[in-house]
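Colleague: got a structure for you, letters missing:
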């Protein structure tokens, strides 16, 4: 009585995998009183126009309608972090329909993948795993006391301090480490250090308060200064651009080793004269010179490395990278998991509410700015 | 002028491993103006009395002098966490020489070992490691998207909230998890929740502020209530006592599975219908019924387990435990590492200062109380 009846929303979810069993129930839970259609797409098969025409809210990865089939659409949400692959389409170029992305989702899974790789190395997992396979219980022979170490007091430098770098920082600080952040543009004010995108609740570094030092630049000199801070870990979380292509090679690995805090500060209580710098790449394979990496691992310049990305992908079976010592490779899976799609839908649900209230969208795409 | 010259201290360090190369320099650094003797002991060979007689400060694991050879001794520090193995000796029974322990050192390495095991499971490491060995780069076939998960929103219950449990809690909270603490005696006041022992700087939960709930008891009923909280992880960090022997068996594993939050709260954004409860034991092997554990892993009651301790140790080559599914075993190495002895010496250096100033010792042994 007295309240206007709002027209019922119609959510169209285009999903290119098998829909997880629990997804329909979950969507009903977070989109109450909404008609919901879930459509499983094939990459190169057009989505039926009729589905688009009925939708008021669209969640999608690859597929968007032409403007003439988007008359009812109030909000489009991509389940990808970026939007580059859609930018050329008429819906983005020629309409003003609000669009948001799933940027920010990758923080927790990729951070956990990163920390896992550090610990597998420092806690000697491959050794104990082999001993388990061989049914050998031996506490002393492999010299655990003098080869294992922990992360307390270690320094991690993070190239690119976005949602992934921030969640790595959060866990690293809890482990007793210090964090040094590197960004392309200067972050001199508290305001500029904030994370303004979506943050998975209970994670990340919303205020940018965790790093003990901030650095910036897009030239080699700034990078070399950062790498010479005495880092035990270097994490590469940069976007791939012409400036970041082959950014890290022989010279950079040598600098990392030269200024590694473990060697220079051997009198500090937490120092560990055995651990050499460890490199983690969760960005794109082409950010590294892979041949230089193999050499640095073979000659002991680096103590270890973890790559979730390679150049090219898929990595060919005859690549020398597979067998480089102290290297773990995963097939670009560090962001994957059962939570991914649900979290993407959480952002959309928040944005549907914001749209109703006339508030600015989270991860909103700005057509002028281009991201 | 006007300042009394203090007699030079003489530190005797009895070490039963090869002394790390950097140890002498480190000791000179943290014990300035002190005469330092490092003696490598064999377990059943007596330490020369002359060494004891000269010492004013003693760091030791197994060996302590008889009272008549301890006339100059002002302080004894054990490099072990406990002191049970020395309690019957005359130096402890019949003298009042201050004694301190290295309790608290185990927090960081064992916490990192614990987190590593969780992440190896949740990030599918064994699968990607095998694919790397086989030179296979395949993002899709093994179904990573629907089998990997992360720890955000997961609930961990920690049985025994000491230095190890607290550092696990610290990292768990950083990963977005919630922590539930269980102790033998009630911890109802803020004062009673504090960690009063040594804490590795930058780690732990000094104020006991991290758990979202505290529970206590030493009977099965209290334990079962705790286990029924809907936990994704149960960590056993209890001392072995008659009460804790075989504390966890078939019934407890079934309760864990029954109330696991992943199944009951499947509509929560962070829920994960695939992950079953994971058990971590860093206490003593006999706290568990190992046959029941093998069965719970085989029939899928538990999703996985990590044991740093077994019953017996060494674990015989023909034990069925070695090949139980989704189980990782390490040979009681979770606390080991290059930092161990240095940190033990850090505590001693702090206590030597405290003794000079007449302040109470950190980790001081109380002869009346017996610990």
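Modeller: The structure has been received and is ready for your questions. Keep in mind that this is a model prediction, so the values were computed, not measured.

Colleague: only C-alpha atoms from now on, for both contacts and neighbour counts.
Modeller: OK.

Colleague: can you give me the strands for chain A?
Modeller: Per DSSP state E, chain A has strands spanning A:9-15, A:34-40, A:57-60, A:75-78, A:99-100, A:155-159, A:178-183, A:213-216, A:233-236, A:278-281, A:304-307, A:327-329. These are given in chain order.

Colleague: just say which of these is most tucked in.
Modeller: strand A:155-159 (a mean of 27; mean count of other C-alpha atoms under 10 Å in any protein chain shown).

Colleague: any idea of the angle it forms with strand A:178-183?
Modeller: Interaxial angle, strand A:155-159 versus strand A:178-183 (axes from the mean of the first three to the mean of the last three C-alpha atoms, to 10 degrees): 20 degrees.

Colleague: what does strand A:155-159 rub up against?
Modeller: Contact with strand A:155-159 is made by A:165, A:172, A:177-183, A:226-227, A:230-238, A:261, as judged by C-alpha atoms under 8 Å, 6 or more residues apart in numbering or on different chains.

Colleague: show me the shaky parts of chain A.
Modeller: Counting by pLDDT under 70, the low-confidence segments of chain A come to A:1-6, A:18-19, A:141-142, A:261-274.

Colleague: out of the contacts of strand A:155-159, who's near chain B?
Modeller: Counting by C-alpha under 8 Å from any C-alpha of the partner chain, residue A:177 from those sit close to chain B.

Colleague: neighbours around residue A:106, how many?
Modeller: Around residue A:106 sit 24 other residues, with neighbours defined as other C-alpha atoms under 10 Å in any protein chain shown.

Colleague: separation between it and chain B?
Modeller: For residue A:106, the distance to chain B equals 11 Å [C-alpha to the nearest C-alpha, to the nearest Å].

Colleague: residue A:344 too?
Modeller: For residue A:344, the distance to chain B - C-alpha to the nearest C-alpha - is 10 Å.

Colleague: surely that residue and residue A:60 touch.
Modeller: No. Between residue A:344 and residue A:60 there is no contact under C-alpha atoms under 8 Å: 10.1 Å.

Colleague: for the stretch 101-250 of chain A, just list every one of the helices.
Modeller: Ranges of helices in the stretch 101-250 of chain A, per DSSP state H, counting those that start in this stretch, are A:107-122, A:125-133, A:144-147, A:163-174, A:220-227, A:250-259.

Colleague: columns mean neighbour count on top of the ones you listed, output as CSV?
Modeller: Putting these into CSV (neighbours: other C-alpha atoms under 10 Å in any protein chain shown) gives the following:
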stretch, mean neighbour count
helix A:107-122, 24
helix A:125-133, 16
helix A:144-147, 19
helix A:163-174, 27
helix A:220-227, 17
helix A:250-259, 19
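
Colleague: residue B:30 is nearest to which of those?
Modeller: Nearest of the helices of the stretch 101-250 of chain A to residue B:30, taken as C-alpha to C-alpha: helix A:144-147 at 20.8 Å.

Colleague: that closest one packs against which elements?
Modeller: Helices and strands in packing contact with helix A:144-147 are not found; criterion 3 or more C-alpha pairs under 8 Å, 6 or more residues apart in numbering or on different chains; DSSP states H and E.

Colleague: and it, how far out from the chain's middle?
Modeller: 33 Å (C-alpha atoms, centre = their mean, to the nearest Å).

Colleague: could you check the angle helix A:107-122 makes with the longest helix anywhere in chain A?
Modeller: Longest helix of chain A, by residue count under DSSP state H: helix A:339-357. For helix A:339-357 against helix A:107-122, the angle by the same axes, to 10 degrees is 150 degrees.

Colleague: helix A:339-357: which residues count as buried?
Modeller: For helix A:339-357, a neighbour-count test (16 or more other C-alpha atoms under 10 Å in any protein chain shown) marks A:339-349, A:351-352 as buried.

Colleague: quick one: it to strand A:9-15, angle?
Modeller: 150 degrees.

Colleague: residue A:107 contacts residue A:170, correct?
Modeller: No. At 10.4 Å, residue A:107 does not count as touching residue A:170 under the criterion of C-alpha under 8 Å.

Colleague: overlap in contacts of those two?
Modeller: Jointly contacting residue A:107 and residue A:170 under the rule C-alpha under 8 Å, 6+ apart are A:203-204.

Colleague: got the residues of the stretch 101-250 of chain A near chain B?
Modeller: Contacts of the stretch 101-250 of chain A with chain B, taken as C-alpha under 8 Å from any C-alpha, map to A:108-109, A:112-113, A:115-116, A:119-120, A:123, A:128-129, A:132-133, A:135-139, A:144-152, A:167, A:170-171, A:174-177, A:201-203.

Colleague: check the offset of stretch A:57-75 from the chain's centre.
Modeller: 27 Å.

Colleague: give me the residues contacting that stretch.
Modeller: The contact list for stretch A:57-75 (C-alpha under 8 Å, 6+ apart) reads A:9-16, A:43, A:46-47, A:49, A:52-56, A:76-80, A:85-86, A:90-91, A:94-95, A:97-100, A:345, A:348, A:352.

Colleague: can you report how many residues neighbour the residue of the stretch 201-350 of chain A found nearest chain B?
Modeller: Of all residues in the stretch 201-350 of chain A, residue A:337 sits closest to chain B, at 4.4 Å by C-alpha to the nearest C-alpha. For residue A:337, the neighbour count with other C-alpha under 10 Å is 21.

Colleague: ok, now which ones touch it?
Modeller: If you count contacts by C-alpha under 8 Å, 6+ apart, then residue A:337 has A:109, B:144-150 around it.

Colleague: what does residue A:41 give?
Modeller: Listed by C-alpha under 8 Å, 6+ apart, the contact set of residue A:41 reads A:14-17, A:47.

Colleague: what is the nearest of these to residue A:39?
Modeller: Of all those, residue A:14 has the smallest distance to residue A:39: 4.9 Å, by C-alpha to C-alpha.

Colleague: does that closest one touch residue A:42 like I think?
Modeller: No. Using C-alpha under 8 Å as the test, residue A:14 is too far from residue A:42 to be in contact (9.7 Å).

Colleague: which residue sits closest to residue A:224, ignoring its sequence neighbours?
Modeller: Distance criterion C-alpha to C-alpha, 6 or more residues apart in numbering or on different chains; nearest residue to residue A:224, sequence neighbours excluded, is residue A:252 at 6.9 Å.

Colleague: pretty sure that neighbour sits against residue A:222.
Modeller: No. Using C-alpha under 8 Å, residue A:252 makes no contact with residue A:222, being 11.8 Å away.

Colleague: on that earlier part again, counting contacts, what elements does the longest helix of chain A pack onto?
Modeller: Counting by 3+ C-alpha pairs under 8 Å, 6+ apart, helix A:339-357 packs on helix A:23-30.
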